[in-house]
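>>> Predicted model follows, preceded by the sequence.
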Amino acid sequence: MTSVQLEVLLQTLISGLLLGGLYALIGIGMTLIMGVMKIINLAHGELMMVAMYIAYVLFSSFHIDPYLSILIAAPALFGLGVLLQKYLINPVLKVEAIIPENQVILTVGIGMVLANIATIIFSSDYKTTPVEYATKAWYLSDYWRESPIELSLSMPWSVSFCVALVITASLWFFLTKTDMGKSIRATAQDKDAALLMGVNVERMRVFTFGLGSALVGSAGCLFIPIYYLYPDLGGQFTLIAFVITILGGLGSTVGAIVGGLILGVFESLTATYAGMGWAPVGRFMIFVAALIFVPGGIMSLFKKRRLGK
Amino acid sequence: MRKALPLIIAGLLAVLPLLGLSSYWMHILILVIMWSVIGMAWNLLGGYCGQVSFGHAAFFGVGAYTAGILYNKAHLSAWWGMPLSIVFVTIVALIIGYICLRLRGPFFALGTLAIGVILRVTAENLTGITEGDLGIMLQERTWIDKTWYFYIVLALAVVTFIAVKMIIESKLGYYFVAIREDQDAAESLGINTTLYKTVALSLSAVFTGLAGAFYMNYMGYIDPKIVFALHDISIVTIMVVMVGGVATYWGPFVGAIIMVFLAEIIRTIPKLGAAHHTFFGILLIVIIIFLPNGIVGDLPKLKKLLRIGKAA
């Protein structure tokens, strides 16, 4: 392997990991909702799109930095999620119907409405937030002059990655150490038992949907400095979130992080070695492979080993 | 009367072109019938067998591309795509079934959705075979007049209707419903659920593929974004069935009429044309909350509501 090839490979791996960190944040939101409510939220990517437009408006009208707009977009998305869950999804959960997947189709409907409203308000043009640090990067040769290879680390990508890490860590803290977090996990494990233990299951569901939306909303704010924005972008991120949850194991937060990282790396590998257009195919190849070879998700592999001992 | 109803409706539809309708109305009628074929096909899998597919555009697209590639590469008439699409779509359905049918419920739905996207991206990138985003265009249409297209799609619809009815009233149909109601119970009664789910998927796919091949011949132009569209094909397919009536014979037909007319009406209103997904989405939400089994499926409920309305 020549040094150029090595350089390309390492650079691909770095950008893959950075992308994976953001994917993980999207995946965690979905896996939380899936674990607690047992429904798949197909409007997940569209919620992210809404957050990105909030960040875009805040940036273009009030010059608020996209990273700071998390503080506004995440609570807004939390509210939106709570409203959707309370007034649309909860009533449908109670309705008797032939097809049990009604709630999933409902979220598709919600996603369609959100995407279409965004098209009407903002038109389907591509939008960006031209922050001045968008092209800033750190180069390896600046720090190590004799380095045989040249690697770069984009600044907005790294900042987004670090913020995603902070959010993930605080979520972990919230879920494991606080009372509320424990109630959420109890609801995910066994709804009836949680109810008997005095957990307000209805409220936990509403809260979790809001939390999941807020997580994907903050992921949207982290994405916007490095990505462009258009109304139909939601669909692809819904699929990414779904692939991550399948890859990581349903309802597993750690699995979502691992799945996100794997997906990010694999996607950037296909983009480098097979061409940009094939990156989505790579994404789904992983998905199909995961279904066939590790149907329980990556976390199930660890569990099996533990049982074997 | 009830038994003769399909005959009467087919007969009425068959004499419609004789009335000398304008080309626009013929187009609408052809679309309605095409969508009811796709709806009936989806209903077989989704309504009766309970496997909600979000990726029927995959089969539609493969059918359309079979016809298109035959015309473009093999220089045959695109009509050969109709018989040949049966073969190709069955192969694709078996592969998709092998991968996705190990998933249950909502996960199956998402698995098929992903497959639909994979096929779209593949069709966009395999420019050597599919011409990629340029699409495939028929240099000349078989007929200028729409009458024959109408009769062909009507024949397809009649065949689909009879096939669905025969399947549902046979043992196979009972297996499907048993799988929908409780897969584990069905399995414990000795039904090979994997086999019958695959059968349902393949049958559903074949009819959808035939509609796709017809679409290629009728419209004369396809590209990956049109025939593998998530919203405009896969989701509309589900809506046709959800609005009309899940697991009913007439539901897809009613749904197709409503959806095609709704789309046309919204398109004619200035300024609102871009918002047709919003209307579709709101309609979908309203239907799911108030009439979860569709208009035909919840007919007793609807009648009751109307009667109360009259009394008050």
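Okay, I see it. Residues are numbered from 1 along each chain as shown, chains lettered A, B, ... in the order given.

>>> Going by C-alpha atoms from here, please, whenever you check contacts or count neighbours.
Will do.

>>> what does the stretch 151-300 of chain B put close to chain A?
Residues of the stretch 151-300 of chain B lying near chain A by CA under 8 Å from any CA of the partner chain: B:246, B:274-282, B:284-285, B:288-289, B:292-293.

>>> just the stretch 1-150 of chain B next, same as before
The stretch 1-150 of chain B comes close to chain A at residues B:46-47, B:50, B:52, B:99, B:105-106, B:110, B:114-115, B:118, B:121-122, B:125, as judged by CA under 8 Å from any CA.

>>> Now tell me what touches stretch B:142-157 from outside.
Residues outside stretch B:142-157 that contact it (CA atoms under 8 Å, 6 or more residues apart in numbering or on different chains): B:13-14, B:17, B:23, B:26-27, B:29-30, B:33-34, B:36-37, B:211, B:214, B:217-218.

>>> Give me the pLDDT for residue 159.
Let's take chain A. A:Val159 carries a pLDDT value of 84.

>>> my question was about chain B
pLDDT, B:Val159: 91.

>>> Could you do B:Arg2 as well?
67.

>>> What count of nearby residues applies to B:Tyr175?
Other residues within reach of B:Tyr175, judged by other CA atoms under 10 Å in any protein chain shown, total 22.

>>> And the stretch of helix or strand it belongs to, what does it pack against?
Here B:Tyr175 sits within helix B:171-181, counting by DSSP states H and E. Applying 3 or more CA pairs under 8 Å, 6 or more residues apart in numbering or on different chains; DSSP states H and E, one finds that helix B:171-181 contacts helix B:183-188, helix B:193-219.

>>> which of the residues of the stretch 151-300 of chain B next to chain A tops the neighbour count?
Neighbour counts for those, by other CA under 10 Å, peak at B:Val246, which reaches 34 neighbours.

>>> Same question for it, what's its three-state structure.
At B:Val246, secondary structure determined by DSSP: H, G, I helix; E, B strand; the rest coil is coil.

>>> neighbours around A:Ile64, how many?
When neighbours are counted by other CA under 10 Å, A:Ile64 registers 14.

>>> Sorry, slip of the keys, the one I care about is B:Tyr249.
Neighbours of B:Tyr249 under the rule other CA under 10 Å: 21.

>>> Chain A versus B:Val241, what's the distance?
Going from B:Val241 to chain A by CA to the nearest CA, to the nearest Å gives 11 Å.

>>> Excluding chain neighbours, what is closest to that residue?
With sequence-adjacent residues excluded and distances taken as CA to CA, 6 or more residues apart in numbering or on different chains, B:Val241 is closest to B:Pro252, at 4.9 Å.

>>> Name the helix or strand for that neighbour, please.
Per DSSP H and E: helix B:251-268 holds B:Pro252.

>>> circling back: in the helix holding B:Tyr175, what's buried?
Within helix B:171-181, the residues scored as buried using 16 or more other CA atoms under 10 Å in any protein chain shown are B:173, B:175-181.

>>> in what helix or strand does the residue nearest the centre of chain B lie?
Residue closest to the average C-alpha location in chain B (CA atoms, centre = their mean): B:Ile38, at 1.7 Å. Assigned by DSSP H and E, B:Ile38 belongs to helix B:23-43.

>>> cool, and B:Lys3?
Counting by DSSP H and E, B:Lys3 is part of no helix or strand.

>>> Identify the residues contacting it.
B:Lys3 neighbours (CA under 8 Å, 6+ apart): none.

>>> Roughly how far does it sit from A:Ile72?
B:Lys3 sits 62 Å away from A:Ile72, going by CA to CA, to the nearest Å.

>>> What parts of chain A come near chain B?
Counting by CA under 8 Å from any CA, chain A comes close to chain B at A:39-40, A:88, A:91-92, A:95-102, A:104, A:106, A:108-114, A:116-117, A:120, A:239, A:242, A:277-278, A:280-281, A:284, A:288, A:291-292.

>>> and with 7 Å instead?
Listed as neighbours of chain B in chain A under the rule CA under 7 Å from any CA of the partner chain: A:40, A:92, A:97-99, A:101-102, A:104, A:106, A:109-110, A:112-113, A:116-117, A:120, A:239, A:277, A:281, A:284, A:288, A:292.

>>> Averaged pLDDT, stretch A:188-202. What do you get?
83.

>>> swap that for stretch B:9-27, sorry
Here the average pLDDT along stretch B:9-27 is 81.

>>> Same question for stretch A:226-244.
The average pLDDT within stretch A:226-244 is 84.

>>> Now do the same contact list for B:Cys100.
Applying CA atoms under 7 Å, 6 or more residues apart in numbering or on different chains to B:Cys100 gives the contacts B:108, B:111-112.

>>> and with 6 Å instead?
Contacts for B:Cys100 (CA atoms under 6 Å, 6 or more residues apart in numbering or on different chains) come out as B:108, B:111.

>>> Pull out the buried residues from the helix holding B:Pro252.
For helix B:251-268, the neighbour count (16+ other CA under 10 Å) marks B:251-261, B:266 as buried.

>>> Repeat that for stretch A:183-200.
Residues A:183-188, A:191, A:194, A:199 are the ones in stretch A:183-200 that count as buried (16+ other CA under 10 Å).

>>> With stretch A:58-72 instead?
For stretch A:58-72, the neighbour count (16+ other CA under 10 Å) marks A:58-59, A:65-67, A:69-70, A:72 as buried.

>>> Tell me which of the residues you listed has the lowest pLDDT.
Across the buried residues of stretch A:58-72, the bottom pLDDT score, 81, is held by A:Pro66.

>>> That residue falls within a strand, correct?
No: A:Pro66 is assigned coil when assessed by three-state DSSP, not a strand.

>>> Low-confidence stretches in the chain?
As the question left the chain open, I've gone with chain A. Applying pLDDT under 70 to chain A flags residues A:1, A:97-100, A:134, A:147-148, A:251, A:297, A:300, A:302-309.

>>> think we crossed wires, I meant chain B
Applying pLDDT under 70 to chain B flags residues B:1-2, B:271-274, B:308-312.

>>> Show me where the stretch 51-200 of chain A has its strands.
Under the criterion DSSP state E, counting those that start in this stretch, strands of the stretch 51-200 of chain A are mapped to A:137-139, A:152-154.

>>> same deal with the stretch 51-200 of chain B?
Taking DSSP E, counting those that start in this stretch, the strands of the stretch 51-200 of chain B run over residues B:136-137.

>>> what's residue 230 sitting at in phi/psi?
No chain specified, so I'll use chain A. When quoted as degrees, to the nearest 10, the phi and psi of A:Tyr230 stand at phi -150, psi 160.

>>> Oops, wrong one, chain B.
Main-chain dihedrals, B:Leu230, degrees, to the nearest 10: phi -70, psi -50.
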